[in-house]
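Enquirer: Provided below for reference: sequence and predicted model.
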Amino acid sequence: MKHAYVFPGQGAQFVGMGKDLYENSPLAKELFEKANEILGFRITDRMFAGTDEDLRQTKVTQPAIFLHSVILAATLGEKFKPDMVAGHSLGEFSALVANKALSFEDGLVLVSKRAMAMQKACEKEPSTMAAIIGLDDAIAEEICKSIEEVVVPANYNSPGQLVISGSMKGIEIACEKLKAAGARRALPLKVGGAFHSPLMEPARVELAEAIHSTQFHTPVCPVYQNATATCVSDPEQIKVNLVAQLTAPVLWTQLVRNMIADGATLFTEVGPGNVLQGLIGKIGQNVTVEGA
């Protein structure tokens, strides 16, 4: 029996996130104020009392979710005893701070750089994503390959729930073909660009430099990484996989199955929302899922 902690990615944000932590925990308040200083603007104002529009700005969204997750983990104190960790996309950075592979400060700086680099890549070439519901992954993969535009599987979220990523035209064509092939739904998403696709290559190059110049430590427990779905403890390999993540698909279904195969019976989601609890419930049988 092992305890896995998982950390959510972009899309989990909501106005008011983290306010209770700030008001009720001196440690949380200290970390939030340190974050304001590092970022050079009061992200806490946007998180606690901003608008949905404020929180949707990439430079705010990614650090906000990261901060809520890692500060919540910190406030758990001695109750936080992970046997393994994982994070969905952006959440991988939260997981790496929680398992001591990265310092809080370095993690926040990298997340901020990642957000900016991704924003620039989105502006360079208009692109998008779509959720495909109720179709076998293998069929979706074949259809994506058959399209001459850039279209790739981006997030293997749970059985029968795949997100694809690519050019505007490519996603439009893919949605039509996937519905014709039997998908229950092919739903374009309101996102800034084609995350986890070759169109993020400029961001990958930019972030690679920052990651490789940052000190990573041997973590207190293994991290299961998005790009490979395998458990990793070697700091250099963690860096390689973290860089690859920007243009590679998030292998969440495969990753969770591997955690379960390695003994995980309890999954605790640390951060805003409960999206990962829902996905894990669909992936694994006979496991317990909960919020922190």
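Expert: Everything's here; your move.
Enquirer: Let me see the contact set for the residue with the shortest distance to the centre of the chain.
Expert: Centroid check for the chain by C-alpha atoms, centre = their mean gives residue 89 as the closest residue, at 2.4 Å. Listed by C-beta atoms under 8 Å, 6 or more residues apart in numbering, the contact set of residue 89 reads 9-10, 155, 195-196, 226, 245, 250. C-beta: built from backbone N, CA, C; applies to glycine.
Enquirer: On the three-state scheme, it is what?
Expert: coil (DSSP: H, G, I helix; E, B strand; the rest coil).
Enquirer: what's the spacing between it and residue 286?
Expert: Here the criterion is C-beta to C-beta, to the nearest Å. By it, residue 89 lies 27 Å from residue 286.
Enquirer: count of neighbours near residue 37?
Expert: Neighbour count of residue 37, defined by other C-beta atoms under 10 Å: 11.
Enquirer: I misspoke; the intended subject was residue 213.
Expert: Residue 213 has 7 neighbours, counted by other C-beta under 10 Å.
Enquirer: do residue 78 as well
Expert: 5.
Enquirer: cool, the one 10 residues further on as well?
Expert: If you count neighbours by other C-beta under 10 Å, residue 88 ends up with 27.
Enquirer: for residue 201, same thing?
Expert: Residues lying near residue 201 (other C-beta under 10 Å) number 12.
Enquirer: Now do the residue nearest to residue 246 when sequence neighbours are not counted against residue 243, distance only.
Expert: In this structure, residue 246 finds its nearest non-sequential neighbour in residue 204, 4.2 Å apart by C-beta to C-beta, 6 or more residues apart in numbering. Distance from residue 204 to residue 243, counting by C-beta to C-beta: 6 Å.
Enquirer: Could you report the pLDDT at the residue nearest to the centre of the chain?
Expert: In this prediction, residue 89 carries a pLDDT score of 96.
Enquirer: about what we covered before: ok, the residue nearest to residue 246 - contacts?
Expert: So residue 204 contacts 243-244, 246-247 (C-beta under 8 Å, 6+ apart).
Enquirer: any chance of those residues in JSON lines, with neighbour count too?
Expert: Converted to JSON lines, the contacts of residue 204 look like this (neighbours: other C-beta atoms under 10 Å):
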{"residue": "243", "neighbour count": "19"}
{"residue": "244", "neighbour count": "15"}
{"residue": "246", "neighbour count": "25"}
{"residue": "247", "neighbour count": "23"}
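Enquirer: Quickly list the domain ranges of the chain.
Expert: 2-123+198-291, 127-188 (automatic domain parsing).
Enquirer: which residues of this protein fall in strands?
Expert: Here the chain has its strands, by DSSP state E, at 2-7, 84-87, 127-133, 151-158, 161-167, 185-188, 223-224, 231-232, 264-269, 288-291.
Enquirer: list the contacts for the closest residue to residue 183 other than its chain neighbours?
Expert: Nearest non-adjacent residue to residue 183, counting by C-beta to C-beta, 6+ apart: residue 135, 4.0 Å away. Neighbouring residues of residue 135 by C-beta under 8 Å, 6+ apart: 160, 162, 178, 181-184.
Enquirer: go on, residue 47?
Expert: By C-beta under 8 Å, 6+ apart, residue 47 lies in contact with 15-19, 55, 60, 64, 67-68.
Enquirer: which ones are touching the nearest residue to residue 178 once chain neighbours are set aside?
Expert: The shortest distance from residue 178 to any non-neighbouring residue, by C-beta to C-beta, 6+ apart, is to residue 186 (4.8 Å). Residues near residue 186 by C-beta under 8 Å, 6+ apart: 130-133, 174-176, 178-179.
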